[in-house]
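**Q** Test case, fold it:
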Amino acid sequence: MDYSIVAKKILEKIGGENNVNSVMHCMTRLRFTLKDESIVNDEDVKKIKGVMGIMKKGGQYQIIIGNDVSKCYKEVLKLGNFSDSPNKTGNFNEKQNIITKILDVISGSMSAAIPAIVGAGMVKVFVVLLTTLGILVQGSQTHTILSALGDATFYFLPMLLVMSTSKKFNINAYTFGAVVGVMVYPGFVTLLSSGQYISFLGLPVTPANYAYSVIPVILMAWIMKYIEEFVDKITPSFTKNFLKPMLILLIALPIAIIVIGPIGSWAGQGLSTVIYAIQDKAGWVALPLMAAFMPLIVMTGMHWALVPVVITSLANPGYETLMISAMFASNLAQGASALAVSLKSKNKDLKQVAGAAGILGLLAGVTEPALYGVTLKYKKPLIASMIASAIAGLYAGIISLKAYVFATPSLIAIVQFIDPKGGANFTNALIVAAITIIGSFALTWIIGFDDPANESDEEDSENSNENVLEIKETALDKVEFKGEAIILAPIQGKSVSLSQVDDVTFSQEIMGKGAAIIPSIGKAVSPVNGVVSALFETKHAIGITSDNGVEILIHVGLDTVKLGGKHFTAHVKSGDKVKIGDLLVEFDIEAIKKEGYDVITPVLVTNVSDYNDVLSLIDKNVREKDELIKVIK
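**A** Alright, predicted model coming up:
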């Protein structure tokens, strides 16, 4: 896939560089903040080869690319001077309700950190696998270093979120990082865990654990926005370089450790406790529902908004029983369903796309290619995968399947379900995987889907304009005219017989043979390679002589000579050499109609006496450069 071409087409379809405020990307999506979404035709964007789908959410125009999104993102950046700040003002979308606003902020803040979180999670899975197989000795130096690599991302997650939350709220990342850094500073952490009464300037500091935390950072980023604005107002301009950052730090720190930090920490733990309690008491209901509807949650991007809850649960009580299990069933179901489509489809392109998407979903847990490129697109496979994941989720809920490590759930990461203390948890994970894969594959195969025709077949019958044109241009350019010549349509519209033209000069073929076009677009291009032999002063009629001697007349409208050139714009002059597709003249269809003239356009071969026959393709919709007339010598 040439992503330089994909990027150019995307930028063109979303209104160009001038319509883009900012662009960033997550694991599978380009996330544009546009100045005006209303000018974008969603269907045109979806038709771009390489685009799997779109989503408009949280003020972002999200274009799903898939696993190679970073490559496409780099090509987009080459096309303009784009900011990667998703929100220049830091304000919420006023049209959203408060719940949506909160989830959008959490999701937007988490999305940039997801690659690090997933990478670290996979390292932890790798360590567990090597230890289980006896390749790595627990407690060894190598084990300690690899464990640190896997744990550091989660322990210092507040620091990782500094950059994304700073962009989200448009605050200075470095002063904010200095404040958040205190929360995970070893001396401060030791002080909080000492069990002593702690105070700052006489105010009580509530002990809290900020490692693994997300909510406190997001809340503090929001407050920092107002602190920065306040300090900027009260500091004289000549002191801003040194006084402003100092005041921001001194004001922000007590707010962070006395008010916002504890509130955020309690909120995160409380949410985790509630969800854990629901799962503990009614997992057999909650988990199948979550698993079944996970594709819809993924479509909104809200699955990443639930990551803080997962991370909090993994820190305490040390395992997670809802989100990861639900994603495990859903990811495998999407992959298996896509694989079934690949094996059953007779469409070459779909087999390739679905096969790659299926393997990616099963092995890596990346489901956007399967979801947007296959199951959602063909609908029935999505239904099959949702049913299968619900059944697997029901089993997982009944036996209370537990995940002990955060990683994108997949077959490769299945060791995240190994219980360090032993037991049947991993065996149950294998059973969930088997139920999901077999069920989703079988249901997709049985329910079926509308298998599209091969693109090559469709092009042969309906949409082969580009290939045909290439052949035609080769014939016209390189082959001497011995038997026949092709005249292409100069105008987009509907081709009709000359007999339907309300002018005897044309309908009775007095001036020549050919066809007429009822135009849908007001421009005419050259139908051949040749020379402009005549251009009327009124610009309504153009004569062209092709390189192989065919004389052609394009007469735009009937009696339009009376307009004296009004509503016409010529782009060539008599004597100009032209090639197929060169713009000849533009005309305003509606304006000409309002003047009372018919815009039907005869396209004639005027030197018919030089040929045995002139054949026309009529009663069909034609585009510029479609075959229209064949001249036989």
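**Q** In the stretch 451-600 of the chain, where is pLDDT below threshold?
**A** 453-483 (pLDDT under 70).
**Q** what ranges do the helices span in it?
**A** 455-458, 465-478, 504-507, 589-594 (DSSP state H, counting those that start in this stretch).
**Q** need the strands for the stretch 501-633 of the chain, in chain order.
**A** Taking DSSP state E, counting those that start in this stretch as the criterion, the stretch 501-633 of the chain contains strands spanning 513-519, 523-525, 530-535, 541-546, 551-555, 568-570, 577-578, 583-587, 601-605, 613-616, 620-622, 627-632.
**Q** gap between Ser109 and Ile510?
**A** Going from Ser109 to Ile510 by C-beta to C-beta, to the nearest Å gives 74 Å. Using the backbone N, CA and C atoms, a C-beta is placed for each residue, glycine as well.
**Q** So these two - more neighbours on which side?
**A** Ranked by neighbour count (other C-beta atoms under 10 Å), Ser109 and Ile510 place Ser109 first, with 26 against 10.
**Q** Isn't the more buried one up against Ile218?
**A** Yes: if you go by C-beta atoms under 8 Å, Ser109 and Ile218 touch, sitting 5.5 Å apart.
**Q** got any ranges where this structure has weak pLDDT?
**A** 26-27, 57-58, 67, 83-104, 107-108, 111, 265, 267-283, 298-306, 453-483.
**Q** Show me the common contact partners of Ser109 and Ile218, please.
**A** Leu161, Thr165 (C-beta atoms under 8 Å, 6 or more residues apart in numbering).
**Q** Can you show me the strands along the stretch 251-400 of the chain?
**A** Under DSSP E, counting those that start in this stretch, the stretch 251-400 of the chain gives no strands.
**Q** Helices along that one, start to end?
**A** So, for the stretch 251-400 of the chain - with DSSP H, counting those that start in this stretch - the helices run 261-300, 307-315, 323-344, 348-364, 368-370, 376-378, 380-399.
**Q** who wins for proximity to Ala570 among those?
**A** Nearest to Ala570 among those is helix 348-364 (42.7 Å), distances taken as C-beta to C-beta.
**Q** Show me what that closest one is packed up against.
**A** Applying 3 or more C-beta pairs under 8 Å, 6 or more residues apart in numbering; DSSP states H and E, we find helix 348-364 packed against helix 323-344, helix 368-370, helix 455-458.
**Q** Now with 7 Å, please.
**A** If contacts are counted by 3 or more C-beta pairs under 7 Å, 6 or more residues apart in numbering; DSSP states H and E, helix 348-364 sits against helix 323-344, helix 368-370.
**Q** quick one, which of these is nearest to Ile437?
**A** Among the helices and strands packed on helix 348-364, helix 323-344 comes nearest to Ile437, with 4.4 Å by C-beta to C-beta.
**Q** counting contacts, what elements does that closest one pack onto?
**A** helix 261-300, helix 307-315, helix 348-364, helix 368-370, helix 380-399, helix 425-447.
**Q** which stretch among the helices of the stretch 251-400 of the chain comes nearest Phe176?
**A** The nearest among the helices of the stretch 251-400 of the chain, by C-beta to C-beta, is helix 261-300 at 13.4 Å.
**Q** Export the helices and strands packed on helix 323-344 to TSV and append columns for mean neighbour count.
**A** Formatted as TSV, those follow (neighbours: other C-beta atoms under 10 Å):
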stretch	mean neighbour count
helix 261-300	19
helix 307-315	22
helix 348-364	20
helix 368-370	29
helix 380-399	24
helix 425-447	20
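**Q** Distance to Thr153 for these - can I get that in a markdown table?
**A** Shown next, in a markdown table, are the helices and strands packed on helix 323-344 (distance: least, C-beta to C-beta, whole Å):
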| stretch | distance to Thr153 |
| --- | --- |
| helix 261-300 | 17 |
| helix 307-315 | 10 |
| helix 348-364 | 18 |
| helix 368-370 | 22 |
| helix 380-399 | 26 |
| helix 425-447 | 23 |
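**Q** Quick one: closest of the ones you listed to Leu583.
**A** The closest of the helices and strands packed on helix 323-344 to Leu583 is helix 348-364. By C-beta to C-beta, the value is 33.5 Å.
**Q** next one: that closest one to chain centre, how far?
**A** Centroid separation for helix 348-364 versus its chain: 18 Å, with C-alpha atoms, centre = their mean, to the nearest Å.
**Q** Name the residues of stretch 579-596 that are buried.
**A** Ile580, Leu584, Val585, Glu586, Phe587, Ile589, Ile592 (16 or more other C-beta atoms under 10 Å).
**Q** you'd agree the fourth one is up against Gly522?
**A** Yes: using C-beta atoms under 7 Å, Glu586 and Gly522 qualify as a contacting pair, with a distance of 5.9 Å.
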